[in-house]
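> Here's a sequence, model it:
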Amino acid sequence: MDIDTENDYFLTDCVECGGKIISIQEKGEIVCGQCGLVISERIVDTSHSGKRAFTKQEKERRERTGSPISILLPDLGLSTIIPKENIKNPDLKRAAKWNSRMTWDKRNMLIATTELKRIAGNLNLPDHVKKAAIRLYIDAFKKKLLRGRSINGMVAACLYFACREKKIPRTLQEILDETSVDAKDVRRCYRTLIKELNLKAPSTDPISLIPRYIAELGLDTEDEKATIKILNIYTSKFSTSGKDPKGLCAGALYLASKIRGKRVSQKDIAVLVGVTEVTLRSRYKDLVKKLNVKT
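Sure, this is the predicted structure:
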């Protein structure tokens, strides 16, 4: 029987037997006290809506128990721990001992989430990026892609993909600087994720990297605007497929500094961005030629 849930709060008698209506806040249900008919369920809890509490009774009614469920916790924070301090029965002690032992699946997720939160914390990444990365890692674990690959390498690859997917300006080198895994292993894990999970590799927008490089080079906002303008014109007219975004950033930064008469060396830009001076000069010459800029 379908009942209008918007009017359930205003009912005083049961629509079936005419009995008295009872509200059970613990379960979020409205039921009939006589026949047991569930009139409404999953009611929004308004008693914990964040209102201020002044009396002792109000404080007790608004108490919350436990932390919120999060995918960043290995077991979603729902694990059961049997305390062993006050157990005297030897059989119960044995059960508590075995209960404290983790399976390989849980141990793997514990190592992965700890490493992911450490890297993300050092890079100041937001929570939605961390959650996207751990979901990707869980998919990889279920597909058994961890065989023959390191946990930390797969975590770094998942975090890098999440950064690119969420348009967060973080390069692979920045993630590699925070982990002890070899760059080849991380790149191999990244290619495996793309291939086995049928993911579309998102491209990094070089313009999103410019503000940070400008600040670290000590340049002003006009230099930033000039660099962004160069990249906007270049990306709108020519394809950037196969070109490293960091190389384009380095070339555009050097070109903008030359146009505005700022004395910034190629070595300083190359070291900051994380490319070689050869790559910087190659991208710089390409920008000058295709944009027909006189320096």
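> And the next helix or strand past the strand or helix carrying residue 57?
Take DSSP states H and E as the rule and residue 57 turns out to sit in helix 56-61. Toward the C-terminus, helix 56-61 is succeeded by helix 90-99 as the next helix or strand (DSSP H and E).
> got the buried residues for that following helix?
Buried residues in helix 90-99, counted by 16 or more other C-beta atoms under 10 Å: residue 96. From N, CA and C alone the C-beta is placed, and that goes for glycine too.
> And for stretch 185-196?
185, 186, 187, 188, 189, 190, 192, 193.
> Just the ones of these in helices?
185, 186, 187, 188, 189, 190, 192, 193 (DSSP state H).
> a markdown table please, covering the residues you listed and showing distance to residue 109 and pLDDT.
Output for those, formatted as a markdown table (distance: C-beta to C-beta, whole Å; pLDDT from 0 to 100):
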| residue | distance to residue 109 | pLDDT |
| --- | --- | --- |
| 185 | 20 | 92 |
| 186 | 19 | 92 |
| 187 | 24 | 91 |
| 188 | 22 | 93 |
| 189 | 17 | 93 |
| 190 | 20 | 92 |
| 192 | 19 | 92 |
| 193 | 17 | 92 |
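> Let me know the closest of those to residue 30.
residue 193 (47.6 Å; C-beta to C-beta).
> what sits against the residue nearest to that closest one when sequence neighbours are not counted?
In this structure, residue 193 finds its nearest non-sequential neighbour in residue 157, 5.7 Å apart by C-beta to C-beta, 6 or more residues apart in numbering. Neighbouring residues of residue 157 by C-beta atoms under 8 Å, 6 or more residues apart in numbering: 186, 187, 189, 190, 192, 193.
> Could you measure from the third one over to residue 157?
When you say that, I think you mean residue 189. Counting by C-beta to C-beta, to the nearest Å, the separation of residue 189 from residue 157 is 4 Å.
> can I assume residue 170 is in contact with residue 163?
Yes. The criterion here is C-beta atoms under 8 Å, and residue 170 meets it with residue 163 at 4.4 Å.
> Quickly list what's touching both of these two.
residue 125.
> what about the most centrally placed residue in the chain, distance to residue 160?
When the chain is reduced to its mean C-alpha position, the closest residue under C-alpha atoms, centre = their mean turns out to be residue 129, at 1.7 Å. Counting by C-beta to C-beta, the separation of residue 129 from residue 160 is 10 Å.
> Over to residue 232?
25 Å.
> Also residue 212?
17 Å.
> Then residue 120?
Residue 120 is 11 Å from residue 160, by C-beta to C-beta.
> Grab the nearest non-local neighbour of residue 106.
Nearest non-adjacent residue to residue 106 (C-beta to C-beta, 6+ apart): residue 74, at 5.9 Å.
> dump the residue contacts of the one you found.
Counting by C-beta under 8 Å, 6+ apart, the residues that residue 74 touches are 106, 109, 110, 113.
> what's the helix or strand in which residue 226 is found packed up against?
Using DSSP H and E, residue 226 falls within helix 221-237. If contacts are counted by 3 or more C-beta pairs under 8 Å, 6 or more residues apart in numbering; DSSP states H and E, helix 221-237 sits against helix 210-217, helix 245-259, helix 277-291.
> Deepest-packed of those helices, please.
For the helices and strands packed on helix 221-237, the largest average neighbour count (mean count of other C-beta atoms under 10 Å) is found in helix 245-259, namely a mean of 24.
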